[in-house]
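K.L.:
here you go, sequence then predicted model.
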Amino acid sequence: MYNLIRMNVYRLTHSLSTWVLLFFTMFMAVFSMVMTNVDIETMRREGPEQAAVGDASTEEIQLGITVSSDPSWVDGTIFMEDVAAVQIQSGILALLCVIFTAIFITAEQKFGYVKNIAGQFPGRIQLAAGKFFAMALQLLVMLLLFTLVTLLAGTLLWGDRFQLGDPLLFARFLGIQFLLHLGICSLVMLISTFTGSSAAGMTIGILLTCGLGSPVYSLINRGLEALHIGNGFDISRCMAEINIHLAGVHAASDVLIQAVCVGIAFTAVSLFLTTWIIRKRDIR
C-alpha cells in the first residue's frame, strides 16, 4: 500500500498537468484579487449603493463564478480571512480542482503499470485508495497555494490595511473548505472511474461548480413539495458545491456542521463506490 501511494505521488509530481494547474491556481488567485481591488476602487468612486445594483442580477440567478466585495473594504480594515474566504467561496478554486481530478484519475490508463500491478491487489481497494491519497494531497497543496498567493497579493495591494483577524476562525474555515473540495472531487473521481473518461467527470464537475446544478435542485424541491414530501426540505443544502458557497468564516455553527457532514458523506460514499467499480471491472 505504501509503495502504491508513493507511485501515485511520483506520477503526480512528474505530471505536466499538475504543474500547469498549480500555475493557473496562482494566476487565478492574483487575477481574482486584482478584480476585487477594481471593485473596491469602483465603490470608492461611485458608492456601494450603485455597485450593489449591478450585482443584483447575479445574486438572483446564482449561476457562474462571482467574487463579491464588502463595502467596508473601501476605507476600513480589510481582514485576510474575509478576503480569502470570498475568493474560495466563489468556486474558482473548486473549478481548478475538478479539472485536475478528472485529468489525474484517468491519465493512468495511458500507461501500462496499472494493468501490471492490478494482479498484486485482488481486492483492488488499494488502487482506489492510492489515487485518492494523491488527489487529496494535490487538493491540499492547491488550497494552501491559492490562499498564500491571495494573502501576498492582498498585502501588495492594500498594505497595512490588510490584516489578519482571527487565525483560529481562518484555520477552521480552510479545514472545512478542504473537506468540501475533497468531497466534490471525490464525486468527479467516481464519475471519471465509472465512465472511463476524463471528459464526463470534468464536464459534470465544471457544471456543478459554476452553479448549473441549482435549477435541477429547485425542480427537485418543487417536486417534493408538490408530493408533500420533505416538509421544507432543500436538497441543495446536501450538495458539496452549494456548501462551498455557504460555509464562510463567520457562518453559523449549524451551517458549518452541515458542511462538514456533507463533505465527509460525499467523500466516503464516492470513495466506496469508486472502489466497488474498480473491483467489479476488468482493467484493460
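P.N.:
Looks like it arrived, so ask away. Just so it is clear, the structure is predicted and the values come from calculations on it, not from any experiment. Residues are numbered from 1 along each chain as shown.

K.L.:
neighbours of residue 280, how many?
P.N.:
By other Cβ atoms under 10 Å, the residues close to residue 280 number 8. Where you see a C-beta, it was placed from the backbone N, CA and C, and this is true even at glycine.

K.L.:
what is the neighbour count of the residue lying closest to residue 195 once chain neighbours are set aside?
P.N.:
Closest residue to residue 195 apart from its sequence neighbours, by Cβ to Cβ, 6 or more residues apart in numbering: residue 201 at 7.0 Å. Other residues near residue 201 come to 27 when the count uses other Cβ under 10 Å.

K.L.:
ok, now residue 158?
P.N.:
Residue 158 has 18 neighbouring residues, counting by other Cβ under 10 Å.

K.L.:
circling back: against residue 194, how distant is the residue nearest to residue 195?
P.N.:
Spatial separation of residue 201 from residue 194 under the definition Cβ to Cβ, to the nearest Å is 9 Å.

K.L.:
give the rounded mean pLDDT of the helix or strand that contains residue 206.
P.N.:
Residue 206 is part of helix 198-209, with elements assigned from DSSP states H and E. Average pLDDT, helix 198-209: 91.

K.L.:
for it, packing partners?
P.N.:
Judged by 3 or more Cβ pairs under 8 Å, 6 or more residues apart in numbering; DSSP states H and E, helix 198-209 is in contact with helix 92-107, helix 167-195, helix 240-246.

K.L.:
at 7 Å what do you get?
P.N.:
In terms of contacts (3 or more Cβ pairs under 7 Å, 6 or more residues apart in numbering; DSSP states H and E), helix 198-209 is packed against helix 92-107, helix 167-195.

K.L.:
could you dump the ones you listed into CSV with distance to residue 140 added?
P.N.:
What follows is these, written out as CSV (distance: least, Cβ to Cβ, whole Å):
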stretch, distance to residue 140
helix 92-107, 10
helix 167-195, 6
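
K.L.:
out of the ones you listed, which is closest to residue 213?
P.N.:
Nearest of the helices and strands packed on helix 198-209 to residue 213, taken as Cβ to Cβ: helix 167-195 at 10.6 Å.

K.L.:
what's the angle from the longest helix anywhere in the chain to helix 167-195?
P.N.:
Identified as the longest helix of the chain according to DSSP state H is helix 125-158. Helix 125-158 and helix 167-195 meet at an angle of 140 degrees, taking axes from the mean of the first three to the mean of the last three Cα atoms, to 10 degrees as the criterion.

K.L.:
strand partners (parallel or antiparallel) of the very next helix or strand once past helix 125-158?
P.N.:
Following helix 125-158 in sequence order, the next helix or strand is strand 162-163 (DSSP H and E). Using DSSP bridges, strand 162-163 pairs in its sheet with strand 78-79 (parallel).

K.L.:
pLDDT averaged over the strand it pairs with - what is it?
P.N.:
The predicted model assigns strand 78-79 a mean pLDDT of 89.
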